[in-house]
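Asks: Model the following, please.
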Amino acid sequence: MNDLTRIPIAEAARLLRAREVRSLDLAEACIARIEALEPKLNAFITPTPELALAAATQADADLASGRDRGPLHGIPVGIKDLCATKGVRTTAGSALFRDRVPDRDATVVAKLRDAGAVSLGKLNLHELAYGTTSNNQFFGAVRNPWNLECHPGGSSGGSGAAVASGECFAAIGTDTGGSIRIPAALCGTVGLMPTYGLVSRTGVTPLSWSLDHVGPLARTVEDAALFLNQITGHDPSDAASVRHAGSDATSEIGRDVAGVRVGVARSQFAAVEPEVAAATEAALDVLRALGAVVSDVQIPLLDGGLRINILQAEASAYHAQWLRESPEKYSDQVRGLLLWGLTLSAADYINDLRVRREFTDQVRAVMERVDVIAMPTCPAVACPIEATADGAYGYSALTGPWDHTGQPVISVPCGFGKGGLPAGLSLAGRPFEEALLCRVAHAYEQATPWHNQHPEP
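Replies: Here you go, the predicted model:
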């Protein structure tokens, strides 16, 4: 307990219930960390320390009176500023919404409050979640805690940086083309994109209606699973929300992986930095040593370099009116993407829907023969912020395809690459099999030292 900001959620929950630590202690430790690291890290747009201390005090009082809301009760968390928070501004990292103060919480935020989690504030992100570096023109670039000259990934860069640096225990992220998993990989945390529709998007500023996911970034697989359990559930106000009874992402954690079939998407290693490829190969060796059956798989559309522009078309449709009325409120980079998206025809969009269906069918067929599909999360470790002016969209080359299939994917730290910066291992599972996915990821995590290594920005 030398540093309260570094202990896992499961351990913090145990200490809270043993009365060995208070939620107020956890919140104060995180706030001190935020005060020490901000604004140089720039992970937060709107920290809310006073609200956090009040919530932590209430969490302690509830526990003392016997009201236990679950494993996140009293745990300090961060909220990506794409998610509406009642009475606290929600900017989406954009000049369009710089002063927006919602009158209600996003469903995912309400669920966290109901679970007793303590919000430390709103986290920085790539403008409108439309990018992979969190180099935000309007609120400043988020910096990678492993090297402040480098970006943390995006769009949930503030979430990745805050969790990795100890500013919060876990954070909400969103993922449309890799925006949970990219910052998880580049910041050395765990990022879990759940099955499409498992977590409500109501109150979350859209990027692409048919691709947006909401999920956690955390320091361990178990923490991510505990967090996910608290935010799932059917929401009739989200047309994509699904009813799926009995989901418990923690239910298989701790079981061995002997006999689990791991398919390797070998074609995706071709354009990966050598050190990242080597770290991924070493991770596969660990899974073999744990008893998993590892074999290469082929997915024709993925092997051939999948290119689908559904995200671009849907994002441009959502922003079309604002783009006409207030083009100056977009950065050159994001405005350019949105204008390009408006050039896509209905035929382009419909054809890409067909390709998405074909790709999903190919993946489902492969996953009748394997339980998870493994590959590097990103083709490279983080690069300097100054090198991201063009958007650095290559970071989503390996993550983007999985948003189209709607299946759960987790990124776990698997070592370090160039400059001592983190790399991630990606594991994709079948829809609604978050428990099996977390089982495999946890077994790998516990057999390796990466989750115990932390940056000191």
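Asks: count of neighbours near Gly70?
Replies: 14 (other CB atoms under 10 Å). Heads up, the C-betas are built off the backbone N, CA and C, glycines and all.
Asks: repeat for Gly336
Replies: Gly336: 12 neighbours (other CB under 10 Å).
Asks: you'd agree it is in a helix?
Replies: Yes: Gly336 forms part of a helix when assessed by DSSP: H, G, I helix; E, B strand; the rest coil.
Asks: Could you measure from it over to Leu342?
Replies: 11 Å (CB to CB, to the nearest Å).
Asks: In this structure Val108 contacts Val214, no?
Replies: Yes: counting by CB atoms under 8 Å, Val108 touches Val214, with 5.3 Å between them.
Asks: overlap in contacts of these two?
Replies: 83, 172, 199-201, 204, 231 (CB atoms under 8 Å, 6 or more residues apart in numbering).
Asks: Which residue ranges of the stretch 51-200 of the chain form helices?
Replies: 107-114, 157-165, 181-187 (DSSP state H, counting those that start in this stretch).
Asks: so which of these gets nearest Ala270?
Replies: The minimum distance between Ala270 and the helices of the stretch 51-200 of the chain falls on helix 181-187, with 18.0 Å, by CB to CB.
Asks: pLDDT (mean, whole number) over that closest one?
Replies: Averaging pLDDT along helix 181-187 yields 98.
Asks: What helices and strands are in contact with it?
Replies: helix 157-165, strand 170-175, strand 190-193, strand 409-416, strand 422-429 (3 or more CB pairs under 8 Å, 6 or more residues apart in numbering; DSSP states H and E).
Asks: most tightly surrounded among those?
Replies: Each of the helices and strands packed on helix 181-187 was scored by mean neighbour count; the highest is helix 157-165, a mean of 34, by mean count of other CB atoms under 10 Å.
Asks: how far is that one from where the chain is centred?
Replies: Distance, stretch centre to chain centre, for helix 157-165: 10 Å (CA atoms, centre = their mean, to the nearest Å).
Asks: Settle this for me: Glu222 is touching Ala10, isn't it.
Replies: Yes: using CB under 8 Å, Glu222 is in contact with Ala10, at 5.5 Å.
Asks: Between these two, which has more neighbouring residues?
Replies: When Glu222 and Ala10 are compared for neighbours, Glu222 comes out ahead with 25 against 16, by other CB under 10 Å.
Asks: which intervals of the chain have sub-threshold pLDDT?
Replies: By pLDDT under 70, the weakly predicted segments of the chain are 1-2, 246, 390-391.
Asks: Tell me which residue lies nearest the centroid of it.
Replies: Residue closest to the mean C-alpha point of the chain, counted by CA atoms, centre = their mean, is Ile180 at 2.2 Å.
Asks: wait, isn't it in contact with Ser156?
Replies: Yes: under the criterion of CB under 8 Å, Ile180 makes contact with Ser156 at 5.7 Å.
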